[in-house]
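**Student:** How does the following fold in three dimensions:
(chains A, B and C)
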Amino acid sequence: MTVALSGKEIASKLQPRFPGSVVESSESSLVVKSESLLDIASFLKTAPDLDFDYLTAITAVDYYAYFEVVYQLTSIEHNHSLVVKTRCYGRDNPVLPSVVSLWRGADFQEREIYDLMGIRFDGHPNMKRIFLWAGFKGYPLRKDFSDGN
Amino acid sequence: MEVEGGSKRYIYSDVELDRAEGEQIEALKARSQEPIPDPDQWLDEEIRRGILLTTVDAVLDWARRSSLWPVTFAPACCAFELIATAASRFDISRFGMEIFRASPRQADLMITAGTLTWKMAPQVKRIYDQMAEPKWVIAMGACAISGGIFTGSYSVVPGYNRIIPVDVYIPGCPPRPEALLYGIRMLHNKIAKRSLLQEGR
Amino acid sequence: MAIKTEPFVLNVGPQHPSTHGVFRMRMTLDGEVVVDMEPVFGYLHRSIEKLAEGRTYTQNIPFTDRLDYLASMSNNLAYVLAVEKLAGVPVPERAEYLRVIMAELQRIASHLIGVGAFLNDCGAFMTPILYMMREREKILDLFEMVSGQRLTYNYMRVGGVSQDIPEEFLPALAKFVKVMPGFIDEYDQLLAENEIVLARAKGVGILPKELAINISASGPVLRGSGVKWDIRKADPYSVYDRFEFDIPTGSVGDCYDRYRVKVQEMRQSVRIIKQAMEQLPSGEVLTEVPLRMRPPEGEAYGHIEAPKGELGFYLVSDNSETPYRFHIRASCLINLTALSDMMIGWKVADAIITFGSIDICMGEVDR
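**Tutor:** Numbering: from 1, shown residues only, chains lettered A, B, ... in the order given. Prediction:
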């Protein structure tokens, strides 16, 4: 059975190494600051008892005041999982660091988030639209998208 | 605000190709706001005016409808009912149609088995234009008739008849192979009424 | 005198007999060898995620049918599992067993097409796929008995399945389960050690183990590369922990390994169905939930081992009738991440086989 690790437990592990980077934590997930996302992700991937080598999914949710990007991480070795979230504020040009250098599986998923939500990922080798065509106006999955229909 | 990405690792500029494709799609979308009228609206009129089919017409029509070769065009789920129709249980080969031509220049029927998106629309138009006359189109499934379960979406064309003229509509989601064969028989009956005098259209 | 060559770009366009749907590749070729490859998606992007935000949870079940349209039962199962996790709805035991039987039958049907299409690409023109369609028609008859549909079943519901099986289902299923291993043996006899299949598929399109984990591959692609990771064993859902079955894995990660993994998975599925049939209890098949259910606020991620990989649904609810966010973790899209790496250095014909062996369905890639 895949054990869903507690956000609070991981937050307490991160606190000494990355002070002030955890915004909130609960049983099911933890929210980190976007500036420290890449460092925390790298630590989660390489720490010997955590070993999160498998990125299950990345999703973005539009909560009007902010965008929340959710990372579902799994460790094949230890069979445990974790949910890490980060938020970005501002609707005009939201930017987050890309985790493609750690997990290549993020490649198409980050392009999809850019295509449909408009969040750019710094460091992605090929940041362009994936499903919609170049020249499509707007980001459809945003809550305020309207195409006149 | 659209910032171009692209990876700069290819010998061509993928950003330029994507931009050209995007312009093509937007242009096609702008001029496809009304459905194209079905090409059989004149058929009943002509018959009512009493144009009789000659024997030459009858032979030509028999030959054309008995060996309609479809083009392999299978975007979505209906494709698997089309393949099932072509497989051994329902056997489209008894109608002379088992040869699916990959090249549209060698085909005379397009069975649109799947949802049409605006991104795919210029390609469909291109395939249709490449087919030689006489050619027919069967709109298979709810998505092909009106967009189906995906109507109202920002990326789905509400029916193939926005882009190409359609001869026969087959409802269903997906239509059973028997329904597809019924639609093909309807098309055969329609072809049987063609005469040489209508070739110019 | 050395011949001077120049690379050129070949567009394997959205309409192509071997692209398994509307998938486009811009291949840079040097002669016959693939130097680079750029995949272009989106020709079947039907905006399911956006449309689902405007429909109730039960109305979204037909959308999930049309994702990976070769495995509609599995898609339904993944979605209702996620909703049940979100809303805390219990499922009766008979419904759980019926779900397992349907999911495993669906796995066989999907792998039949996957293997048939792969062999079609290898050059065995139509024979394997027509033989496998014959078996698939038997499975579709069983599904038609249960749900009335041949391709997009809309059978599972939140809290169980929509209706109980008719009386002729179990005898027909018993008959099918008795003859299916014989058919798989027939295919193996013709194809498993066939020198053409070995020459075309062994050593071609290798996906190394570390890369497979790094790109979040799942399903036969991951297991073909030697990673023993199957959601049915790692994170059992429904009643999978009550059955005995093996997880076939490959060793090298080439096309031949992925093909063998699929064939052996079909045998294991037959094994699971036999056990499920024996253990099938009686009882009701659906827990009543309101037609327009309002799950409590929160989020849930439900995933299953679909035939093509790990299919997951991430749902966010804001206590209204429609989901706030409906995201599909599409295994087929993620499995394609390393496609260019697997193709570079090989010839065009090998590239087509590599693509066929990953066994994707564009409905899930583009959603």
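**Student:** quick one, phi/psi of C:Ile352?
**Tutor:** Geometry field for C:Ile352 lists phi and psi as phi -70, psi -40, criterion degrees, to the nearest 10.
**Student:** okay, it: pLDDT?
**Tutor:** At C:Ile352, the pLDDT value in this model is 91.
**Student:** And for the one 3 residues further on?
**Tutor:** Per-residue confidence (pLDDT) for C:Phe355: 92.
**Student:** now do B:Leu43
**Tutor:** Reported pLDDT at B:Leu43 in the predicted model: 57.
**Student:** go on, B:Pro174?
**Tutor:** The per-residue pLDDT reported for B:Pro174 equals 90.
**Student:** my hunch is that it is in a strand, does that hold up?
**Tutor:** No: B:Pro174 sits outside any strand when classified using DSSP: H, G, I helix; E, B strand; the rest coil, being coil.
**Student:** Enumerate every residue touching it.
**Tutor:** Taking Cβ atoms under 8 Å, 6 or more residues apart in numbering or on different chains as the criterion, B:Pro174 is in contact with B:Cys77, B:Cys78, B:Phe80, B:Glu81, B:Ala113, B:Met140, B:Gly141, C:Arg150, C:Leu151, C:Thr152. The way it works is simple: take the backbone N, C-alpha and C, and place the C-beta from them, glycine included.
**Student:** I'd say C:Ile215 and C:Leu339 touch.
**Tutor:** No: in this structure, C:Ile215 is not within contact of C:Leu339 by Cβ atoms under 8 Å, at 9.7 Å.
**Student:** can you put the contacts of B:Pro174 in CSV and add secondary structure and distance to C:Glu96?
**Tutor:** Conversion of the contacts of B:Pro174 to CSV gives the following (DSSP: H, G, I helix; E, B strand; the rest coil; distance: Cβ to Cβ, whole Å):
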residue, secondary structure, distance to C:Glu96
B:Cys77, coil, 27
B:Cys78, helix, 32
B:Phe80, helix, 28
B:Glu81, helix, 30
B:Ala113, strand, 35
B:Met140, strand, 36
B:Gly141, coil, 33
C:Arg150, coil, 25
C:Leu151, coil, 24
C:Thr152, coil, 22
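**Student:** Mind checking which of C:Ile215 and C:Leu339 has more residues around it?
**Tutor:** Neighbours per residue, other Cβ atoms under 10 Å in any protein chain shown: of C:Ile215 and C:Leu339, the larger number sits with C:Ile215, 26 against 22.
**Student:** per-residue confidence for that one?
**Tutor:** The predicted local distance difference test score for C:Ile215 is 91.
**Student:** any idea how far A:Leu37 is from it?
**Tutor:** With the distance defined as Cβ to Cβ, to the nearest Å, C:Ile215 ends up 20 Å from A:Leu37.
**Student:** Count the residues that sit near the residue lying closest to C:Cys361 once chain neighbours are set aside.
**Tutor:** Nearest-residue entry for C:Cys361: C:Asp68, 4.4 Å, with adjacent residues in sequence omitted and distances by Cβ to Cβ, 6 or more residues apart in numbering or on different chains. Each residue near C:Asp68 was counted by other Cβ under 10 Å, and the total is 30.
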